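Engineer: sequence first, predicted coordinates after that:
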Amino acid sequence: MTGALTKTSWHENQLLGAFEPAARKRLKRYLRPVNLKVGTVICLAGGSLEYAYFPQGSVLSLLTVLEDGSASACANIGREGCVRPLRRHVQPCLL
């Protein structure tokens, strides 16, 4: 997500686009676009997530690390939802 949040960009994330206009107006001052590179870790297992992320044109994956050290995606969150902090645990939020 780059640049200012425009009327069009609200609908790039379907969850944000589902809000009524008055709710979007109240939320807008709290939202900031960020650019993340592929492979960026936004929260480690057991860590706390400081921000909610509303993907636009990307997918965030929640990974489970297996005993042998390999990782497997247990959830993928795209433009239909968000990843948000919840009592020190990361939780997906989907439409």
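Structural biologist: Received, thanks. Because the structure is predicted, anything quoted here is derived from the model rather than measured.

Engineer: where along this structure do the strands fall?
Structural biologist: 60-65, 71-77, 81-86, 89-94 (DSSP state E).

Engineer: which of these is buried the deepest?
Structural biologist: Burial among those, expressed as mean neighbours by mean count of other Cβ atoms under 10 Å, is greatest for strand 81-86, which shows a mean of 17. Where you see a C-beta, it was placed from the backbone N, CA and C, and this is true even at glycine.

Engineer: now that one - C-alpha only, PDB.
Structural biologist: Provided in PDB are the C-alpha atoms of strand 81-86 (Å, rounded to 0.1, in the frame of the first residue of the first chain):
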ATOM      1  CA  GLY A  81      -9.600  -9.200   5.900                       C
ATOM      2  CA  CYS A  82      -6.900  -8.000   8.400                       C
ATOM      3  CA  VAL A  83      -4.400  -9.300  11.000                       C
ATOM      4  CA  ARG A  84      -4.900  -7.600  14.300                       C
ATOM      5  CA  PRO A  85      -3.500  -7.800  17.800                       C
ATOM      6  CA  LEU A  86      -5.600  -9.500  20.400                       C
END
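
Engineer: 18 is where my numbering starts, stick with that
Structural biologist: That works, and once the first residue is 18, the last one we named lands at strand 98-103.

Engineer: distance between it and the chain's centre?
Structural biologist: 6 Å (Cα atoms, centre = their mean, to the nearest Å).

Engineer: packing partners of that strand?
Structural biologist: helix 31-34, strand 106-111 (3 or more Cβ pairs under 8 Å, 6 or more residues apart in numbering; DSSP states H and E).

Engineer: mean pLDDT lowest where, among these?
Structural biologist: Looking at the helices and strands packed on strand 98-103, the lowest mean pLDDT belongs to strand 106-111 (a mean of 50).

Engineer: for the protein, which spans come out with low pLDDT?
Structural biologist: Scanning the chain with the threshold set as pLDDT under 70 gives 18-28, 103-112.

Engineer: can you name the farthest residue from the center of this structure?
Structural biologist: Largest separation from the mean C-alpha position in the chain: residue 85, at 28.0 Å (Cα atoms, centre = their mean).
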